[in-house]
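Chemist: Build me a structure from this.
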Amino acid sequence: MLGGEVEVSPRRNLRTLGILALTTLLSIVILWFSFKNMILLGAWTAAIIAVAGLINFFRSGSAVDSSTALSSPDWSITHAAIQMNNAAIAISDRAGRLVYANDHFTDAFPGLKAPPDLEIDDASRALLDAAVGSAWRDGNADIPAILHDGRTYSVKVARAGMADEYLLWHFAAVEEIDIERSAIEMITGHIGAAMSNSGVMALAVTADGRVCAANAAFVSRANCADQQPILGQLFADFVRMDEKGSMYFKNEGQWGLPIRLLQVPLNDQNAESAALLLAVDEEGAKVDRGLALAHVEQLLSTLPLGLALVDRDGRFLFANEAFARVLGIEAHILPPYPADLVINEDKGAVLESIRRYSRGSMTSGDIAIRLKERPDEVIALSIAAVRGLGEAAVLLGLKDDSEEIILKRQVAQQTKMESIGQLAGGVAHDFNNILTAIIGYCDLMLMRHQPGDGDYDDIQQIKNNSNRAASLTRQLLAFSRQQTLRPQILQLTNVVADVSNLLKRLLGETVHLEVHHGTGVGAVRADPGQLEQVIVNLGVNARDAMPKGGVVHIGTAAVSQREVAAMGRELLPVGDYVQLSVEDSGVGIPKENLSKIFEPFFTTKELGKGTGLGLSTVYGIVKQSGGYIFADSQPGNGTRFDIFLPVYRGDAPAPDSGKRESYIQKEFWGSGRILIVEDEDMVRAVAERALVRQGYDVETASDGEQALKLFADGKRYDLVISDVVMPNLDGPSMAQQLRKNYGDVRLLFISGYAEEQLRETISLDNVAFLAKPFSVQEIAEAVQVALA
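Modeler: Residues are numbered from 1 along each chain as shown. Sure, this is the predicted structure:
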């Protein structure tokens, strides 16, 4: 009976003692037959009797408790307790059956189904399935959020029961907090009243600055009876700001007290969102030197000039962003002393100047310094003594001319590259004249010898080395942007794909090639052969930077105008580009070499392992194609080259039919009168001998004026072969006069400069072109094509 005592039944005790007696007798028999030891039998019998007595004692003393514990529980009390919780509670067994659910659960999830078999979306059901597995395995699981009927629930599930055969589910609805509504309730409630009693004005404003709530202090200062006239008005309509930056209430006029305003955005992800404004009067603020220093620091932080405050011991107290920007470092990582920023030779001058100005009169001056990061540049450091600002004793000033310095560097670099390009182009032009003569005479000698002759192999070797030299001149012309290009409308991704197989063989087994193409990559106008040369040169350069192997990554991507503007590259105009990037995991390029890598013949490789023309060739091809190239590198972290080619916006090219009209003939014999106009004697001689041997009647002239005189004497020619750049009268000027005076004269220009560049300066139609250096066969073929 619950609440009373229950007596132990005598019959039940007798049954228990009988069982113990029988057990004792059997054990004694077994022990006797096993050991036949009387002492052991006596001890065992005594132990059995003692245990029997203890069992009887505890059974009789706990009869009331046992009967009470074994009585049936009142589940209505448990159900009522669970109902007091606002959460939805459910219990399921290992078979997935619903054992129990409170009313909140059945209201939220009708159908009497156990989790996870609820009427919810697939994503939420998947989360519940995973939680079931975790709970059976680990004992519990949590789900931050599931969705059901437009509401969000957080879920907790735990393994329960004496044999861990149940899962206890807890579903709690997640209520979204309206921060703006909470702020309004706070201002118009007890907290707003407490602020008013403390003299703190509080109001809430929308994102566009309109008042949506205000406490009594602000309403009173705004000279209103209540907050209704204020609601919906712009906060700016109630205040004004003077020329010193102090804020006042408009209705108080010029004698009003200034207020200090604090803005607290209600959305920490968006500073322009609705906000809580707190304002207090600045009347009676105690102005001491520390506060004055704080005001000065705040003022200095807003100025575009590079300014810093230093104490009498030469330690930094404050530096604004402009000061740190001039130094090229972050403001929060300034060294302790200004002298730590300059080279060793200038440390003494900086320390002495700070000491003198900090202890002397209120004067100022400038000293020339050189920074550690830019030892080649001399900049002016302004120093002025200050007083009355607490610990501050000296004001330092640096002009933020970083943009001017960058511009000067860019102009100097561009001028240097242009000068080197002009020099390289001139050298290549003169060298091509020499190579034309060498190759031409080699061809003439080879015609008089047969393979196997003693001199044939030597002559062939001279010609082969001359052709190698000609490839070097082509690289120089590429750098100077004076080589001949054959631009086409193409997809950069196709060029990368075509050259990838060749590049893999060039990289070797220890270097892995990765290629990635972006989406929406547009077409460009460039020479596909030259672009392949660019990719190969950059790939080989990356390979040489990884002697122990590594990864070369080639990628293409479309870059929009907005992305270009975000890059902040001064030399890259805003526009739409196709980006080609080549990145390696090699040793990197030292900072002092990074500005020199595109110069011809500059190389850090061992003697005999590089000409120094690989990157200069890349630079020239990219520039001649209307693009831009940038290099970024950190020693030990690899190097990345980014090339930007303008997206082609013209009409799509006509489909290629695959047919090619070409004039191919193994024999180039011909007839006709030809005039060769060339200022270089050796080139003129070899061209004359080559064409005379082919059957042509050839005359020569050393410049344009001499050629015009021959025409004036009545001579006529089927073809005029002329150099472009000559003294006295150049080739294009001579050609214009010939066409003007003698009709449509056939012209063939020969030059070491690029055909594309020359055609821009030659305003003539039906003009053929032959690049130097050329062989005997090449000039014979060009003449035959021009006469055809």
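
Chemist: Now do the helices in the stretch 101-250 of the chain.
Modeler: Assigned by DSSP state H, counting those that start in this stretch, the helices in the stretch 101-250 of the chain fall at 103-108, 122-138, 179-188, 190-197, 216-221.

Chemist: scratch that, the stretch 301-450 of the chain
Modeler: Under the criterion DSSP H, counting those that start in this stretch, the stretch 301-450 of the chain carries helices at the ranges 321-327, 344-359, 402-447.

Chemist: any idea of the mean pLDDT for the longest one?
Modeler: Predicted confidence along helix 402-447 averages 70 (mean pLDDT).

Chemist: Could you report the neighbour count for the residue lying closest to residue 215 once chain neighbours are set aside?
Modeler: Distances taken as C-beta to C-beta, 6 or more residues apart in numbering put residue 192 closest to residue 215, at 3.7 Å, once the chain neighbours are dropped. C-betas here are computed from N, CA, C, even on glycine. When counting by other C-beta atoms under 10 Å, one arrives at 25 neighbours for residue 192.

Chemist: Quick check: closest non-adjacent residue to residue 83.
Modeler: Closest residue to residue 83 apart from its sequence neighbours, by C-beta to C-beta, 6+ apart: residue 102 at 5.6 Å.

Chemist: these two touch, right, that neighbour and residue 89?
Modeler: Yes. Residue 102 is within contact range of residue 89, at 4.6 Å (criterion: C-beta atoms under 8 Å).

Chemist: Find residues that contact each of those two.
Modeler: Shared contacts of residue 102 and residue 89, defined by C-beta atoms under 8 Å, 6 or more residues apart in numbering, are found at residue 82.

Chemist: Now for residue 588: which residues touch it?
Modeler: By C-beta under 8 Å, 6+ apart, the neighbours of residue 588 are 545, 633-639.

Chemist: Sorry, slip of the keys, the one I care about is residue 443.
Modeler: If you count contacts by C-beta under 8 Å, 6+ apart, residue 443 has them with 463, 690, 775-777.

Chemist: swap the cut-off to 7 Å and go again
Modeler: By C-beta atoms under 7 Å, 6 or more residues apart in numbering, the contact list for residue 443 reads 775-777.

Chemist: So which of the residues you listed is the closest to residue 586?
Modeler: Comparing the contacts of residue 443 against residue 586 with C-beta to C-beta places residue 775 closest, at 40.1 Å.

Chemist: follow-up on the earlier one: what separates the residue nearest to residue 215 from residue 265, distance-wise?
Modeler: Separation of residue 192 from residue 265 (C-beta to C-beta, to the nearest Å): 19 Å.

Chemist: what do you get for residue 233?
Modeler: Distance of residue 233 to residue 265, computed by C-beta to C-beta: 20 Å.

Chemist: do the same with residue 81
Modeler: 44 Å.

Chemist: So for the two, which sits in the more crowded spot?
Modeler: The residue with more neighbours, out of residue 81 and residue 265, is residue 265; 15 against 10, by other C-beta under 10 Å.

Chemist: The closest residue to residue 267 other than its chain neighbours: what secondary structure?
Modeler: The shortest distance from residue 267 to any non-neighbouring residue, by C-beta to C-beta, 6+ apart, is to residue 273 (3.7 Å). Per DSSP: H, G, I helix; E, B strand; the rest coil, the local secondary structure of residue 273 is coil.

Chemist: Tell me the confidence at residue 273?
Modeler: 73.

Chemist: contacting residues for it?
Modeler: Residues near residue 273 by C-beta under 7 Å, 6+ apart: 207, 265-267.

Chemist: just residue 506 next, same as before
Modeler: Neighbours of residue 506 in contact, by C-beta under 7 Å, 6+ apart: 536, 539-540.

Chemist: what about the stretch 151-300 of the chain, any weak spots by pLDDT?
Modeler: By pLDDT under 70, the low-scoring segments of the stretch 151-300 of the chain are 176-178, 223-228, 252-257, 268-272, 283-297.

Chemist: how about the strands in it?
Modeler: 151-160, 166-173, 201-205, 211-214, 239-241, 247-249, 259-265, 275-281 (DSSP state E, counting those that start in this stretch).

Chemist: What is the first one packed up against?
Modeler: If I follow you right, that is strand 151-160. With contacts taken as 3 or more C-beta pairs under 7 Å, 6 or more residues apart in numbering; DSSP states H and E, strand 151-160 sits against helix 122-138, strand 140-148, strand 166-173.

Chemist: can you tell which of those is closest to residue 594?
Modeler: Using C-beta to C-beta, these put strand 140-148 closest to residue 594, at 48.7 Å.

Chemist: Who are the packing partners of that closest one?
Modeler: Looks like strand 140-148 contacts helix 122-138, strand 151-160 (3+ C-beta pairs under 7 Å, 6+ apart).

Chemist: That strand pairs with which strands?
Modeler: According to DSSP bridges, strand 140-148 forms sheet pairs with strand 151-160 (antiparallel).

Chemist: hey, C-alpha coordinates of the partner strand in CSV?
Modeler: Taking Å, rounded to 0.1, in the frame of the first residue of the first chain, the C-alpha atoms of strand 151-160 are listed here in CSV:
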residue,chain,number,x,y,z
ARG,A,151,8.9,27.3,-39.6
THR,A,152,12.4,26.5,-38.5
TYR,A,153,13.1,23.9,-35.7
SER,A,154,16.3,23.0,-33.9
VAL,A,155,16.4,19.3,-33.1
LYS,A,156,18.1,17.3,-30.3
VAL,A,157,18.0,13.6,-30.1
ALA,A,158,19.4,11.4,-27.3
ARG,A,159,19.6,7.6,-26.7
ALA,A,160,17.5,6.7,-23.5
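
Chemist: Let me know the angle separating it from helix 122-138.
Modeler: Orientation note: strand 151-160 sits at an angle of 20 degrees relative to helix 122-138 (axes from the mean of the first three to the mean of the last three C-alpha atoms, to 10 degrees).

Chemist: tilt between strand 151-160 and strand 166-173?
Modeler: Interaxial angle, strand 151-160 versus strand 166-173 (the same axes, to 10 degrees): 160 degrees.

Chemist: Other residues contacting strand 151-160?
Modeler: Contacts with strand 151-160, where a contact means C-beta under 7 Å, 6+ apart, come from 131, 135-136, 139-146, 166-174.

Chemist: Now list the buried members of those.
Modeler: The neighbour-count test (16 or more other C-beta atoms under 10 Å) marks 131, 135, 141, 143, 146, 166-172 as buried among the contacts of strand 151-160.

Chemist: so which pair among those residues is furthest apart in space?
Modeler: 146 and 166, at 20.9 Å, using C-beta to C-beta across those.

Chemist: Please report how far the nearest residue to residue 355 once chain neighbours are set aside lies from residue 372.
Modeler: Nearest residue to residue 355 in three dimensions, chain neighbours excluded: residue 314, at 7.1 Å (C-beta to C-beta, 6+ apart). Look at residue 314 and residue 372: by C-beta to C-beta, they are 17 Å apart.

Chemist: Looking only at neighbour counts, state which of these two leads.
Modeler: Between residue 314 and residue 372, residue 314 has the larger neighbour count (other C-beta under 10 Å), namely 18 against 14.

Chemist: got a list of what the more buried one touches?
Modeler: Contacts for residue 314 were tallied using C-beta under 7 Å, 6+ apart; they are 337-339, 351, 354.

Chemist: quick one: it from residue 354, how far?
Modeler: Residue 314 sits 5 Å away from residue 354, going by C-beta to C-beta.

Chemist: Likewise for residue 771?
Modeler: Here residue 771 is placed at a distance of 65 Å from residue 354 (C-beta to C-beta).

Chemist: Likewise for residue 278?
Modeler: From residue 278 to residue 354 the distance is 41 Å (C-beta to C-beta).

Chemist: quick one: which of the contacts of residue 314 is nearest to residue 628?
Modeler: Set against residue 628, the nearest of those by C-beta to C-beta is residue 338 (38.2 Å).

Chemist: before we move on, back to that, in terms of neighbours, single out the busier of residue 771 and residue 354.
Modeler: Under the criterion of other C-beta under 10 Å, the comparison of residue 771 against residue 354 puts residue 354 first, with 26 against 22.
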